[in-house]
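Trainee: Test case, fold it:
(one chain, ligands or ions: 1)
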Amino acid sequence: MDISALIQQALKARCNAYTPYSHFQVGAALLAANGVVYTGCNIENAAYTPTSCAERTAFFKAVSDGVTDFCAIAIVGGPKGMPTRQCPPCGVCRQVMMEFTDPDSFQIILASDETHYHIYTLRQLLPLGFGPDDVSPSHPLLP
Ligand code: THU
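Mentor: Numbers count the residues shown, from 1 in each chain. A predicted model of the protein is given here:
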């Protein structure tokens, strides 16, 4: 995986952010297991709650294309589009990642530019997360 190329795609996606309310622009680049990169930006709304974060935009673009296996996501963002520091994914986006990834191997790259970034697993950012296995009737703690 070319991490700096993935970050560059996130930086580019951020330019399409629709943020008339917060002016906080976020870009995400989601690398699927098939090698395709799905980008996303945050899309705000006058009613506020329908807002989609950049990460969820990227995931839903991929899933709506029939793609559900993912390796990594690069995220950049900041006020007025300046990614001066890390932009950690919100709790709702972490939960969406929990649905479609292996939390122990999925990599979340929080970047300020192509060369400054930290990598976390989803498990690190969502310890004890609730996921598809917890809904399964074959849960290990059930009789
Ligand atoms: N936002 C994202 O797109 N991703 C995140 O991980 C955190 C927050 C967006 C939502 C809203 O449009 C703006 O940033 C300010 O919260």
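Trainee: Could you use CA atoms for every contact and neighbour count after this?
Mentor: Fine.
Trainee: Give the buried residues for the lowest-mean-pLDDT helix or strand in the chain.
Mentor: With mean pLDDT, DSSP states H and E as the measure, the helix or strand of the chain carrying the lowest mean pLDDT is helix 132-135 (a mean of 93). Buried positions in helix 132-135, judged by neighbour count with 16 or more other Cα atoms under 10 Å: none.
Trainee: for stretch 49-64, same thing?
Mentor: Neighbour counts over stretch 49-64 (16+ other Cα under 10 Å) mark 52-62 as buried.
Trainee: Same check on stretch 93-110?
Mentor: With burial defined by 16+ other Cα under 10 Å, the residues of stretch 93-110 counted as buried are 93-95, 97-103, 106-110.
Trainee: where does this structure come near the ligand, residue by residue?
Mentor: Within the chain, the positions lying close to the ligand (Cα under 6 Å from any ligand atom) are 19, 22, 24, 26, 42, 44, 53-54, 88-90.
Trainee: Narrow the residues you listed to those in strands?
Mentor: When strands are assigned by DSSP state E, the members of the residues of the chain next to the ligand inside them are 24, 26.
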